[in-house]
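Asks: here are the coordinates; sequence isn't available:
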């Protein structure tokens, strides 16, 4: 993954909150970890390119951090994120490009919640063309032939950057649109990592 980032890779902070907890209890703590790391590495961190990504409850937490710190994060990736981003909250994050990833058959985070969030993002974003929403309806297949245990666990697709490897299709039944509702064709050059750095 580091090779996919320009100019020698990227710093990576991966705080883990306990499972089945109320994520809001960790908002300040996680933001403090991020800011502390950046301040200690300020000579090596491009503060104009701080990205945040989270999955499931971590996606819900990432959303909260974006909403509460919209000038801090350059972009966000939310994987099957818990909760719903209301219109008022979407307005607070209107200048932050986000990429939402959802699964129509997600047994843990209802697609209706994801749809409500995306509708608010699409309606209130000031950077609609930079935003993305990817929805899976089929089974995800990785290049090694493995499958995530359930559709809620889409992290592997992020690792493979929504692309094809050696002409082998990674997934089926997927669509991606931008905030204006236009279809976005994904390729190696339009992967998550490339999108983050664009």
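Replies: Great, that's in hand. All values reported here derive from a predicted model rather than from experimental measurement. Numbering: from 1, shown residues only.
Asks: which elements pack onto the host helix or strand of residue 193?
Replies: Using DSSP states H and E, residue 193 sits in helix 192-197. Where contact means 3 or more Cβ pairs under 8 Å, 6 or more residues apart in numbering; DSSP states H and E, helix 192-197 is packed against strand 75-79. C-betas here are computed from N, CA, C, even on glycine.
Asks: the strand it packs on packs against which elements?
Replies: Judged by 3+ Cβ pairs under 8 Å, 6+ apart, strand 75-79 is in contact with strand 51-55, helix 57-68, strand 98-103, helix 155-159, helix 192-197.
Asks: contact partners for residue 183?
Replies: Counting by Cβ atoms under 8 Å, 6 or more residues apart in numbering, residue 183 touches 175-177.
Asks: about what we covered before: just send the helices and strands packed on strand 75-79 back as TSV, with distance to residue 40 and mean pLDDT too.
Replies: Output for the helices and strands packed on strand 75-79, formatted as TSV (distance: least, Cβ to Cβ, whole Å; pLDDT from 0 to 100):
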stretch	distance to residue 40	mean pLDDT
strand 51-55	18	93
helix 57-68	19	93
strand 98-103	27	94
helix 155-159	27	68
helix 192-197	22	87
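Asks: want to throw the ones you listed into a markdown table with mean neighbour count?
Replies: A markdown table is the format used below for the helices and strands packed on strand 75-79 (neighbours: other Cβ atoms under 10 Å):
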| stretch | mean neighbour count |
| --- | --- |
| strand 51-55 | 22 |
| helix 57-68 | 22 |
| strand 98-103 | 26 |
| helix 155-159 | 17 |
| helix 192-197 | 20 |
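Asks: so for residue 138, which of these sits nearest?
Replies: Closest to residue 138 of those, according to Cβ to Cβ: strand 98-103, at 9.5 Å.
Asks: now the element after that closest one, going C-ward?
Replies: helix 111-124.
Asks: that next one packs against which elements?
Replies: When contacts are defined as 3+ Cβ pairs under 8 Å, 6+ apart, helix 111-124 packs onto helix 87-92, strand 98-103, strand 132-136.
Asks: between the ones you listed, which one is closest to residue 1.
Replies: When the helices and strands packed on helix 111-124 are compared by Cβ to Cβ, strand 98-103 sits nearest residue 1, at 16.0 Å.
Asks: what about residue 60, distance to residue 132?
Replies: Counting by Cβ to Cβ, to the nearest Å, the gap from residue 60 to residue 132 is 18 Å.
Asks: no wait, residue 173
Replies: The spacing between residue 173 and residue 132, counted by Cβ to Cβ, is 17 Å.
Asks: higher neighbour count, the two?
Replies: Using other Cβ atoms under 10 Å as the criterion, residue 173 and residue 132 rank with residue 132 on top: 23 against 13.
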